[in-house]
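Chemist: here you go, sequence then predicted model.
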Amino acid sequence: MLQNKNEVLDVIIDNLEDYIGSDFETYEDETFNQASNIYTREAALDLDKFVKDDATDYEDTTLDSGAFAAIQLVQAYEQDNFGEINTDLTDPCKVADMIDYIRGTRVFEELLSEADFEFDDEITEENAKKVIKLAKEA
């Protein structure tokens, strides 16, 4: 699913409380690894800006624009985080799904940082409410 930031925030708001008793890392893994291949026009228009914004994380990567930038971002992200590239870069749906994963995790990581939580912290009712409140204010 190619989402924009607001759609990611909506997902967090809608289902974080379902993970009370779990930890934030499990929530992130289960939430942002789901791929539904549904694309919204607004998200597609937002893709280029997102990719360019994230380019600052990869100083040695000069990103083009559009689809090539998305491919380059996926390559750089996977190499940095997994040590290898696992996404089939010839499949636009798989590239879009990975962009979603990257965007979702980035938005979620920002919220956790702002809430002063770590990934291994337990999701309590109080913690969930704090993150949801921050998501609504974002």
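Modeler: Received, thanks.
Chemist: which helix runs longest in the protein?
Modeler: Among the segments of the chain that qualify as a helix by DSSP state H, the longest is helix 92-115.
Chemist: against Leu112, how distant is the one residue sitting closest to the centre of the chain?
Modeler: Here the mean C-alpha position of the chain is nearest to the C-alpha of Gly104 (C-alpha atoms, centre = their mean), at a distance of 1.7 Å. Remark: distance between Gly104 and Leu112 (C-beta to C-beta, to the nearest Å) = 12 Å. For every residue, glycine as well, the C-beta is placed using N, CA and C.
Chemist: for the residue nearest to the residue nearest to the centre of the chain when sequence neighbours are not counted, what are its contacts?
Modeler: Closest residue to Gly104 apart from its sequence neighbours, by C-beta to C-beta, 6 or more residues apart in numbering: Phe32 at 3.6 Å. For Phe32, the contacting residues are Asp100, Tyr101, Gly104, Thr105, Phe108, by C-beta atoms under 8 Å, 6 or more residues apart in numbering.
Chemist: is Glu118 part of a helix or strand, or is it coil?
Modeler: Under DSSP: H, G, I helix; E, B strand; the rest coil, Glu118 falls in the coil class.
Chemist: surely the residue nearest to the centre of the chain meets Glu30?
Modeler: No - using C-beta atoms under 8 Å, Gly104 is not in contact with Glu30, being 11.1 Å away.
Chemist: with only the CA atoms kept, save stretch 16-32 in CSV.
Modeler: Taking Å, rounded to 0.1, in the frame of the first residue of the first chain, the C-alpha atoms of stretch 16-32 are listed here in CSV:
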residue,chain,number,x,y,z
LEU,A,16,-2.0,0.6,18.3
GLU,A,17,-4.3,-0.3,21.2
ASP,A,18,-4.7,-3.8,19.7
TYR,A,19,-1.1,-4.5,20.7
ILE,A,20,-1.3,-3.7,24.4
GLY,A,21,0.8,-6.2,26.3
SER,A,22,3.2,-6.5,23.3
ASP,A,23,6.2,-4.4,22.6
PHE,A,24,6.7,-1.5,20.1
GLU,A,25,9.0,-3.6,17.9
THR,A,26,6.5,-6.4,17.4
TYR,A,27,3.8,-3.7,16.6
GLU,A,28,6.1,-2.1,14.0
ASP,A,29,7.0,-5.5,12.4
GLU,A,30,3.5,-6.7,12.1
THR,A,31,2.0,-3.3,11.0
PHE,A,32,4.5,-2.1,8.4
